[in-house]
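[1] I need the structure of the sequence given here:
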Amino acid sequence: FPPQNRCERHTIAALKNLCLRSCSLLRVRRALFTGPTTTVCRPPRAVFRSFLSCTAMASSHSVSGSELASEVETELAEQAVLVRTLKAAKGDPAEIKAAVAKLLELKQKLAALATPKEDAFNRSAFEDVLKRRFFYAPAFEIYGGVAGLYDYGPVGCAIKTNMLTIWRQHFILEEAMLELDCTAMTPEQVFEASGHAKRFADIMVKDSKTGDCHRADHLLRDVMEKLAGDAKATPEQKAEYAAVAVAADNYTKEELKEQFAKYNIKAPGTDNDLSDPIDFNMMFVTSIGPAGNLKGFLRPETAQGMFLSFKRLYEYNNNRLPFAAAQIGKAFRNEISPRSGLLRVREFEMAEIEHFFDPEDKTHPKLKEVAHIEVPLYSQEDQLSGREPTLTTLGQAMQSGLLKNETLAYYLGRIFLYMMKIGIDLKRLRFRQHLPNEMAHYACDCWDCELQTSYGWVECVGCADRSAYDLECHTKESKTPLVASVPRKEPLITKELKAIGDKKKIGGAFKKDAKDIFDYLDALTEQQAQELQQQLEQGPVEISQNGKQYKLEKDFVEVKTVETREFERRFTPHVIEPSFGIGRILYALLEHTYGVRETSDSRAWFKLPPVIAPVKCSFARVRALHHQDQDGPGCARCFGAGRRLWSEHRQALRPYR
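    Numbers count the residues shown, from 1 in each chain. Sure, this is the predicted structure:
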């Protein structure tokens, strides 16, 4: 049945295309017999016979999964009606039994079709593409490389630059943030005040003979996962191993020591004994200046520079709250056992935000813009009870009390929108709340944006409520008040018992050390002032201030009630901190957008959004067809023009393949 006119030719061409694209003859039949037929001159069945005669290959293609599931659902519904009818009519028991068996079979078949089958991810092939195309590669490779250090190539640099450009537009420009660029080298005193010098540590164990170091919790988890995968292990043992693996990150040094002894864990590779778990501070130590007298560290995060700049930022913002500071820069952590490519490295790019606000006003004016966004929240309760993450809107999470801070909820929404904008697979994203025993020393609440990769769920963004911890620590250590103030509607009148020093007598007696005396008296509480008054009535009192001893006479100090009026409320601002690990997000993005052609594993591709793609447009060499007569002279002229265009521009352009 050859086509009779142009309309039929177009119809048959469309059917060919439809069949080849859908691999489903059933879909073609439905399109023919259920769609409009006014544009076809002959009856649809005649056109279909003509189509079959020239596309016999179509009959060998299978029905798509969704169509097959739909057919099974229909058959299941019909079988369910049959079973109910037979039971109502009290039919032959053997017939009812056969009908029920078929019903169960259809249910299992439908469940199998409904369960998504994920292809095994070939990580070695994926990472080979990244290195071969120079997305990134180990640093100092020709000298053997150094673990945890990587160089980004042209493609990796382009993608990372695009990610940071979008991050700057999405956060800094849209939210009118104050951008900083602080130094990476930091004096020891700063980290002594913030607590990093004592607490920024991981627990490690050493090989007793080779001295190789291993992170204790990771080693325990790896051993437990290996034991759980052993075919000889009983179900009870597998459950025990899995529970230990999950809890490995939360064990203390003593608990880790007990687990290592219980399971007789040895050093990997050598099978040597391991040392007891010890703390290892992950900050890189350095010295500042030629004499080496000033000890310093390379910053493990970019946050501290923004906290130290708070006073200037507050003045720059006309002494108003709230406001946010942002910074993009390098951070350094001396990881015990760096691994997993870009996921655990010793030098990495960070993008951090410090949002300062009044602790008595935790509202955010733009929360309504993200309140409707549905996000998977994996709360502490869900984790402890073994439930899956809860899919809910941010507005509902605030109403239920799951999120207690509007500013924190707003930033979770903005993080979600950023991930969507750069092309992250949102089905492989969740926000996980830190458990109480894994909360950082500076945080009172923290939610991690985790992305699923071939390595499992990886923390890529941390959104922490740091309260006033950092500003209070630096205020105490530096003696510089990092505070804000707001005017009161009515002055606050307070009466307080204070120890008032006689400036003339104290200045004459102690000269240049008089300031130490007044600082000591100002720091006394009401109870301490009363005790000092009682002691002075009995005679001179010795005090200690800044390592020096002073003797106070009775007439040097007067303890009395002082009335003060406060016309403004002074307070230490609280902080919400979203912290982005750019390298981790980049790696997860590449995994989420990676694909391989079905015809050959060697032809890989990345489905990147245009805003992230390293190449927006490419020029490819155009070849003339050998059989120009089959396509007509117009096609030959087209390819000839292409050759001339390439010839004219070949010096300026390189083909991208």
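[2] can you tell me what sits against the longest strand anywhere in the chain?
    The residue-count maximum for a strand in the chain (DSSP state E) belongs to strand 484-501. The set of residues external to strand 484-501 that reach it, using Cβ atoms under 8 Å, 6 or more residues apart in numbering, is 314, 319, 321, 356, 358, 517-518, 521, 524, 526, 529-530, 532-533, 556-573. Just so you know, the C-beta spots here come from the backbone N, C-alpha and C atoms, and that holds for glycine as well.
[3] do stretch 442-449 as well
    194-195, 377, 404-405, 408, 412, 415-416, 419, 429-434, 439-440, 459-467, 469-470.
[4] stretch 136-151 now?
    Under the contact criterion Cβ under 8 Å, 6+ apart, stretch 136-151 has outside partners 130-131, 152-153, 156, 335, 337-339, 341-342, 344-347.
[5] how far does that stretch stretch from start to finish?
    End-to-end distance of stretch 136-151: 6 Å, with Cα to Cα, to the nearest Å as the criterion.
[6] quick one: neighbours of Glu496, just the number.
    Residues near Glu496, counting by other Cβ atoms under 10 Å, number 11.
[7] so what's Ser478 up against?
    Counted by Cβ under 8 Å, 6+ apart, Ser478 has contacts Ala193.
[8] just Asn162 next, same as before
    Val611, Ile612, Ala613, Pro614 are the contacts of Asn162 under Cβ under 8 Å, 6+ apart.
[9] quick one: low-confidence ranges for the stretch 501-650 of the chain?
    600-602, 620-650 (pLDDT under 70).
[10] strands of that one, start to end?
    541-545, 548-552, 557-571, 574-581, 594-596, 604-606 (DSSP state E, counting those that start in this stretch).
[11] hmm, which of the contacts of strand 484-501 are the buried ones?
    314, 321, 356, 517-518, 521, 524, 529, 532-533, 556-557, 559, 572-573 (16 or more other Cβ atoms under 10 Å).
[12] re the thing from before, buried stuff in the longest strand of the chain?
    Under 16+ other Cβ under 10 Å, the buried positions of strand 484-501 are Ala484, Leu497, Lys498, Ala499, Gly501.
[13] compute the inter-axis angle for it and strand 557-571.
    Interaxial angle of strand 484-501 relative to strand 557-571 (axes from the mean of the first three to the mean of the last three Cα atoms, to 10 degrees): 180 degrees.
[14] tell me the contacts of the most centrally placed residue in the chain?
    Nearest to the mean C-alpha position of the chain, by Cα atoms, centre = their mean, lies Cys460 at 2.3 Å. With Cβ under 8 Å, 6+ apart as the criterion, the residues that contact Cys460 are Asp448, Cys449, Glu450, Leu451, Phe580, Gly581, Arg584, Ile585, Ala588.
[15] nearest spatial neighbour of the last one, skipping sequence neighbours?
    In other words, Ala588. Leu451 (3.9 Å; Cβ to Cβ, 6 or more residues apart in numbering).
[16] what's the average pLDDT for the host helix or strand of that neighbour?
    Following DSSP states H and E, one finds Leu451 within strand 445-453. Here strand 445-453 scores 94 as its mean pLDDT.
[17] adding distance to His218 and neighbour count, write the contacts of Cys460 out as CSV.
    Shown next, in CSV, are the contacts of Cys460 (distance: Cβ to Cβ, whole Å; neighbours: other Cβ atoms under 10 Å):
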residue, distance to His218, neighbour count
Asp448, 18, 20
Cys449, 22, 25
Glu450, 17, 23
Leu451, 19, 24
Phe580, 23, 24
Gly581, 18, 24
Arg584, 16, 24
Ile585, 22, 25
Ala588, 19, 26
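[18] how about low-confidence regions in the stretch 1-150 of the chain?
    Looking at the stretch 1-150 of the chain by pLDDT under 70, you get 1-70, 104, 107-119.
[19] try it again with 50
    The stretch 1-150 of the chain contains residues with pLDDT under 50 at 1, 3-4, 6-7, 18-65, 115-118.
[20] what segments of the stretch 201-350 of the chain are helices?
    216-228, 235-247, 253-262, 303-308, 310-316 (DSSP state H, counting those that start in this stretch).
[21] tell me which of those sits most buried.
    helix 303-308 (a mean of 22; mean count of other Cβ atoms under 10 Å).
[22] check the offset of it from the chain's centre.
    21 Å (Cα atoms, centre = their mean, to the nearest Å).
[23] just the CA trace of that helix, in PDB.
    The C-alpha atoms that make up helix 303-308 are tabulated as PDB, following Å, rounded to 0.1, in the frame of the first residue of the first chain:
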ATOM      1  CA  ALA A 303      33.900  31.900  59.400                       C
ATOM      2  CA  GLN A 304      36.300  33.400  62.000                       C
ATOM      3  CA  GLY A 305      37.400  36.200  59.800                       C
ATOM      4  CA  MET A 306      33.800  37.400  59.400                       C
ATOM      5  CA  PHE A 307      33.200  37.200  63.200                       C
ATOM      6  CA  LEU A 308      36.300  39.300  63.900                       C
END
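[24] pLDDT on that helix, on average?
    Mean pLDDT, computed over helix 303-308, is 94.
[25] what helices or strands is that helix leaning on?
    helix 188-194, strand 323-332, strand 347-357, helix 469-478, strand 574-581 (3 or more Cβ pairs under 8 Å, 6 or more residues apart in numbering; DSSP states H and E).
[26] buried set for the shortest one?
    This points to helix 188-194. Going by 16+ other Cβ under 10 Å, helix 188-194 has these buried residues: Glu188, Val190, Phe191, Ala193, Ser194.
[27] state the mean pLDDT of it.
    pLDDT averaged over helix 188-194 gives 90.
[28] packing partners for the helix or strand following it?
    Using DSSP H and E, the helix or strand that follows helix 188-194 in sequence is helix 196-199. Contact analysis of helix 196-199 by 3+ Cβ pairs under 8 Å, 6+ apart lists helix 188-194 as its packing neighbours.
[29] tell me the mean pLDDT over the strand or helix carrying Val458?
    Using DSSP H and E, Val458 falls within strand 456-467. Average pLDDT, strand 456-467: 92.
[30] check stretch 260-271 too.
    Rounded mean pLDDT across stretch 260-271 is 89.
[31] buried residues in it?
    Buried-residue list, stretch 260-271, by 16+ other Cβ under 10 Å: Phe260, Ile265, Lys266, Ala267, Pro268.
[32] please save the CA atoms from the top helix by length along the chain in CSV.
    Identified as the longest helix of the chain according to DSSP state H is helix 65-88. Taking Å, rounded to 0.1, in the frame of the first residue of the first chain, the C-alpha atoms of helix 65-88 are listed here in CSV:
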residue,chain,number,x,y,z
GLY,A,65,7.5,-0.1,31.2
SER,A,66,4.7,2.4,32.0
GLU,A,67,2.4,0.9,29.4
LEU,A,68,3.0,-2.6,30.6
ALA,A,69,2.3,-1.5,34.2
SER,A,70,-0.9,0.1,33.1
GLU,A,71,-2.0,-3.2,31.3
VAL,A,72,-1.1,-5.2,34.4
GLU,A,73,-3.2,-2.8,36.6
THR,A,74,-6.2,-3.3,34.3
GLU,A,75,-5.8,-7.1,34.4
LEU,A,76,-5.4,-7.0,38.1
ALA,A,77,-8.6,-5.0,38.6
GLU,A,78,-10.5,-7.5,36.4
GLN,A,79,-9.1,-10.5,38.3
ALA,A,80,-10.1,-8.9,41.6
VAL,A,81,-13.7,-8.5,40.3
LEU,A,82,-13.6,-12.2,39.2
VAL,A,83,-12.4,-13.3,42.7
ARG,A,84,-15.1,-11.3,44.5
THR,A,85,-17.8,-12.7,42.1
LEU,A,86,-16.7,-16.3,42.6
LYS,A,87,-16.6,-15.9,46.4
ALA,A,88,-20.1,-14.2,46.4
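[33] since that was my last question, I'll sign off now.
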